[in-house]
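> here is my input, please return the structure:
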Amino acid sequence: GMAGGGGDAMVDGSARQRACGLIEGLWKDDTVIKVGFDFANDLRKLTRSHPTMTCFHSLTSFIDVQECARSYSWVSDGLSLSLSNVALSVLGKQIDKSQQMSDWELRPLRLEQVLYAALDAHILVRIIQDKRASFNLPSQL
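Below you'll find the model as predicted:
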């Protein structure tokens, strides 16, 4: 039979192909506005970790909140362009970054990590919603 690595490799390849198709479909969809923070750094990590997945090269309709904060001076002089400082400057909210340096390779993720990741994503959307007039974005964002 197909015991061992052979079967696993086929399933892994198929799952990778499906994931790449989903990512590419979402990333190429101009009607979906994607939001990130210092995303060039994340993209380098993704392409380094998954060099055969070309779907990471097709991003459209993307807003990098860190680049916006730099361009539009959303953070007071002297403060770094961290997500914490942008959230504090734009929303007046302090965010807990204690999980940032936790072990994200370990599975399953701990509940605190999942909540941290969800909050990070939510904060980005809230910042863009607050600043959407600067970008002439649709009000339903």
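> and the residue minimising distance to the centre of the chain, how far from Leu43?
The centre of the chain sits closest to Gly36, judged by CA atoms, centre = their mean, with a distance of 4.6 Å. Gly36 sits 9 Å away from Leu43, going by CB to CB, to the nearest Å. Bear in mind the C-beta positions are built from the backbone N, C-alpha and C, glycine included.
> need the overlap of contacts for these two.
Counting by CB atoms under 8 Å, 6 or more residues apart in numbering, no residue touches both Gly36 and Leu43.
> what comes up buried for stretch 35-50?
Val35, Gly36, Phe37, Phe39 (16 or more other CB atoms under 10 Å).
> just give me the closest of these to Leu111.
Nearest to Leu111 out of those is Phe37 (CB to CB; 22.4 Å).
> about what we covered before: so how far is Gly92 from the residue nearest to the centre of the chain?
From Gly36 across to Gly92, the span is 22 Å (CB to CB).
> kindly report the same for Leu26.
Between Leu26 and Gly92 the computed distance is 31 Å (CB to CB).
> those two: which is more packed in?
Legend: neighbour count by other CB atoms under 10 Å for Leu26 and Gly92, higher for Leu26 (14 against 7).
> skipping its backbone neighbours, what lies nearest that one in space?
Val32 (6.2 Å; CB to CB, 6 or more residues apart in numbering).
> could you pull out the strands for this protein?
34-36, 62-64 (DSSP state E).
> which residues touch stretch 120-133?
33, 35-37, 63, 65, 68, 72, 74, 83, 86-87, 90-91, 93, 95, 135, 137-139, 141.
> cutoff 10 Å now
With contact meaning CB atoms under 10 Å, 6 or more residues apart in numbering, stretch 120-133 is reached by 33-37, 63-66, 68-69, 72, 74, 83-84, 86-87, 89-91, 93, 95, 97, 99-100, 134-135, 137-141.
> which ones among those residues lie within helices?
65-66, 68-69, 83-84, 86-87, 89-91, 134-135 (DSSP state H).
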